[in-house]
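Colleague: The following block contains a protein sequence and its predicted model.
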Amino acid sequence: MTNLPKYSIEMHVISGLMWGGLKTFLRYGIGVSEDYFLDKRCKRIFSTMKKFAEKQKEFDPVIVSAEFMGDGIISGKFLDELITLETGDWEVKGHLKGLMDAVFKNRFRNIVLKEMKDEPVDEVISTIQENINRYYHSRFSDWSLPKALRDTLEFVEMKMKGDIEFDFGLNTLNESLCGLFRKEMTIIAGRTSQGKSALAAFISNHLINKNKRVLYIDLETGEGPMLERFLSLRSGVTGFNIHRGRISEYELRLVAEEAARLERLPLVINDNAGITIGDIYDNAISVKADIVVVDYLQLLAGEDTVEALNRVTLGLHNMAKALNIPVIAISQLNRGVDHRENHVPTISDIRGCGGIEEKADNILMMYWPYKYDPEKPRNITKLVIGKQRHGPVGLRSLYWEPETFKFGDMTPEQEEYYGEDE
């Protein structure tokens, strides 16, 4: 390993990511900045692979090389050198750590030389370097069977005590699904105005009250209307009236009091248009999210095609596993549900259902009978558990106040009056 060319580490990183493809890039490269690469050729190739990864598109050395055919800067000879290196995906971790260490060391050296001229530079750099090494060792730590077994047993003991780390705020759902789980993606689907976004907001509000940091990706309504929804849910003031400003002074005080409480809770809303899976991944890391909610899949995909939906669904599935957090994704149902005699949705009613059904761990579908039959009770909605990776499926009933987005469990009297779940 002596007399290596100047950009040897960068070339090995790029070679390993090229050969490792999408899986390796999502594991090691998705959170890396292009600015770490001093070689402009490596930087451009890395950027290309990152775009592939954000679209959940598989790639290999041949596909990547084809992107630079006839390029005036990245020559065929340079690409051949990268391919010939044949850096294994198991080597990427070490090379990437070396690259990052070098980058950070140079940056901190510049900072120290500029700001701490009277301090022993090498001692300061060594201390900083130790912290960096500990951080990246933690980030890229190898899997340990003994630790995994201990964590599993602790989790089982927690469930034996009735503790649920990410509970829904509804006993009906907690008893059916045992809450939300890390590394799992849950789909909440429904037709327009049937409560899918309201349920996501209700669950999010419950979790921030338990000090869970929620990253809410709102691609439909925008930051303002979404905050109005949270304020309505918390204050009990009708959401429509808050949105139109048709509230009394007393109601305004209620809303203001809840706004003061809400600003101290761990809620982050991102309503940026054109956001990608990579952006959400970076956002979740930067805010240290405990859970991510995406509202909704079809808008994140950018186009209403099966391929696009499968791509973003796979991306959210991978993100849940990579970040070790639960992910909730809201999805539209096809219009056909509205035009048939039986309006109870099935998984096949989800737009682009193939990839969603395959990658989702849980699929919940909202069904509000009142919308189709005004004779039905207005405050009773149904939730279809269409898929549960670790449990049974079925139909559940929930109490719902559409005006304030609030959900609740059915009382025994209500269950007896309105009938049992099917």
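Modeller: Cool, got the structure.
Colleague: ok, now how distant is the residue nearest to residue 227 when sequence neighbours are not counted from residue 283?
Modeller: In space, and not counting its chain neighbours, residue 227 is closest to residue 269: 7.0 Å by CB to CB, 6 or more residues apart in numbering. The way it works is simple: take the backbone N, C-alpha and C, and place the C-beta from them, glycine included. Residue 269 sits 11 Å away from residue 283 when distances are taken as CB to CB, to the nearest Å.
Colleague: Equivalent analysis for residue 195, please.
Modeller: Distance from residue 195 to residue 283, counting by CB to CB: 26 Å.
Colleague: Who has more neighbours out of these two?
Modeller: Between residue 195 and residue 283, residue 195 has the larger neighbour count (other CB atoms under 10 Å), namely 24 against 17.
Colleague: Not counting its neighbours along the chain, what's nearest the more buried one?
Modeller: The spatial neighbour of residue 195 that comes closest, neighbours along the chain excluded (CB to CB, 6+ apart), is residue 366 at 4.8 Å.
Colleague: That neighbour sits in which helix or strand?
Modeller: Residue 366 belongs to strand 362-367 when assigned by DSSP states H and E.
Colleague: Only the buried residues of the helix or strand following that strand, if you could.
Modeller: Once the chain leaves strand 362-367, the next helix or strand it forms, by DSSP H and E, is helix 369-372. Using 16 or more other CB atoms under 10 Å as the test for burial, helix 369-372 gives 369, 370, 371.
Colleague: Please compute how far helix 369-372 lies from its chain's middle.
Modeller: Relative to the chain's own centre, helix 369-372 is displaced by 32 Å; criterion: CA atoms, centre = their mean, to the nearest Å.
Colleague: Likewise for stretch 319-334?
Modeller: Its chain's average C-alpha position is 6 Å from that of stretch 319-334, according to CA atoms, centre = their mean.
Colleague: I'd like to know how many residues surround the residue nearest to residue 164 when sequence neighbours are not counted.
Modeller: Leaving aside its sequence neighbours, residue 164 sits nearest to residue 179 (CB to CB, 6+ apart; 3.7 Å). Around residue 179 there are 17 other residues, counting by other CB under 10 Å.
Colleague: Next one: residue 179, what pLDDT does it get?
Modeller: Here, the pLDDT recorded for residue 179 equals 90.
Colleague: ok, it touching residue 170?
Modeller: No: applying CB atoms under 8 Å, one finds residue 179 not in contact with residue 170, separated by 10.2 Å.
Colleague: which ones are touching the residue nearest to residue 164?
Modeller: 164, 165, 166, 167, 168, 173 (CB atoms under 8 Å, 6 or more residues apart in numbering).
Colleague: now residue 189
Modeller: 196, 330, 331, 332, 333, 345, 349, 350, 363, 364, 365, 366.
Colleague: follow-up on the earlier one: if I look at the residue nearest to residue 164, how far off is residue 230?
Modeller: The gap separating residue 179 from residue 230 is 21 Å, by CB to CB.
Colleague: before we move on, back to that, would you check how far apart the residue nearest to residue 195 and residue 187 are?
Modeller: According to CB to CB, residue 366 and residue 187 sit 11 Å apart.
Colleague: all helices in the stretch 1-150 of the chain, in order from the N-terminus.
Modeller: Secondary structure of the stretch 1-150 of the chain, counting by DSSP state H, counting those that start in this stretch: helices at 8-24, 40-54, 61-66, 76-85, 89-115, 121-139, 145-160.
Colleague: what helices or strands is the third one leaning on?
Modeller: Spelled out, it's helix 61-66. Counting contacts by 3 or more CB pairs under 8 Å, 6 or more residues apart in numbering; DSSP states H and E, helix 61-66 is packed against helix 8-24, helix 40-54, helix 76-85.
Colleague: Touching the longest one from outside, list them.
Modeller: The reference is to helix 8-24. With CB under 8 Å, 6+ apart as the test, helix 8-24 has contacts from 5, 25, 28-29, 37-39, 42, 45-46, 49, 52-53, 56-61, 64, 81-83, 85-89, 91-92, 95-96, 98-99, 102.
Colleague: Narrow these to those that are buried.
Modeller: The neighbour count (16+ other CB under 10 Å) marks 25, 28-29, 37, 39, 42, 45-46, 49, 52-53, 56, 59, 61, 64, 82-83, 85, 87, 89, 91-92, 95-96, 99 as buried among the contacts of helix 8-24.
Colleague: centroid residue for the protein?
Modeller: Central residue of the chain (CA atoms, centre = their mean): residue 292, 4.2 Å from the mean position.
Colleague: before we move on, the earlier item: more neighbours: which of residue 366 and residue 187?
Modeller: residue 187 (28 against 24).
Colleague: quick one: contacts for that one?
Modeller: 297, 328, 329, 330, 331, 350, 356, 360, 362, 363, 364 are the contacts of residue 187 under CB under 8 Å, 6+ apart.
Colleague: Show me which of the helices and strands packed on helix 61-66 has the highest average neighbour count.
Modeller: Using mean count of other CB atoms under 10 Å, the stretch among those with the largest mean neighbour count is helix 8-24, at a mean of 23.
Colleague: avg pLDDT for that helix?
Modeller: Helix 8-24 comes out at a mean pLDDT of 87.
Colleague: again with stretch 337-353
Modeller: Stretch 337-353 shows an average pLDDT of 82 in the prediction.
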